[in-house]
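**Student:** Below is the structure, and that's it, no one-letter string:
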């Protein structure tokens, strides 16, 4: 039961820390908003690919907060068009499951590459 409570807390924390809608977070996890709700309630648990993606989202969240000072700055970066991502917003890449691309854009920013 503790793992379910921890998962519920983690999902809520990710949504809050990254200012994500359920649809955005579900997309990043390769799941549906309905699956996300079942995970919150403890009805099911993310399986192989979704667990891997969940780990990647947690890692990305942690890196975002190493780069930016606060939640407003994180949200601003996620919702601003990125030349590194071909002119789309990081949140748009994130929502279609391209967490790796968003992480690469953040790495480029951290490395001083401004496109």
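**Tutor:** Right, received. Where do you want to start? Note that the structure is predicted; figures quoted are calculated from it, not measured. Residues are numbered from 1 along each chain as shown.

**Student:** ok, residues contacting whichever helix in the chain runs longest?
**Tutor:** With DSSP state H setting the assignment, residue counts place helix 48-67 as the longest helix in the chain. Helix 48-67 is touched from outside by 10, 14, 17-18, 25, 28-31, 35, 46, 74, 77-78, 97, 99-100, 102-103, 106, 109-110, with contacts defined as C-beta atoms under 8 Å, 6 or more residues apart in numbering. The C-beta positions use only the backbone N, C-alpha and C, and glycine is treated the same way.

**Student:** Please convert the buried members of those residues into PyMOL selection syntax.
**Tutor:** Selecting the buried subset of the contacts of helix 48-67 in PyMOL, with 16 or more other C-beta atoms under 10 Å as the burial test, is done by:
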select buried, resi 10+14+17+18+25+28+29+30+31+35+46+74+77+78+97+99+102+103+106+109
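
**Student:** among the contacts of helix 48-67, which are in helices?
**Tutor:** 10, 14, 17, 25, 28-29, 35, 74, 77-78, 99-100, 102-103, 106, 109-110.

**Student:** For residue 51, see how far away residue 45 is.
**Tutor:** From residue 45 over to residue 51 the distance is 8 Å, taken as C-beta to C-beta, to the nearest Å.

**Student:** got it, and residue 86?
**Tutor:** In this structure, residue 86 lies at 29 Å from residue 51, with C-beta to C-beta as the measure.

**Student:** Find the centremost residue of the chain, please.
**Tutor:** The central residue of the chain, meaning the one whose C-alpha is nearest the mean C-alpha position (C-alpha atoms, centre = their mean), is residue 57 at 4.3 Å.

**Student:** mind checking pLDDT for that residue?
**Tutor:** The predicted structure scores residue 57 at 95 on the pLDDT scale.

**Student:** contacting residues for residue 99?
**Tutor:** When contacts are counted by C-beta under 8 Å, 6+ apart, residue 99 is found next to 28, 53, 56-57, 60.

**Student:** who's in contact with stretch 27-41?
**Tutor:** 7-8, 11-12, 20, 22-23, 25-26, 44-46, 49-50, 53-54, 57, 94-97, 99.
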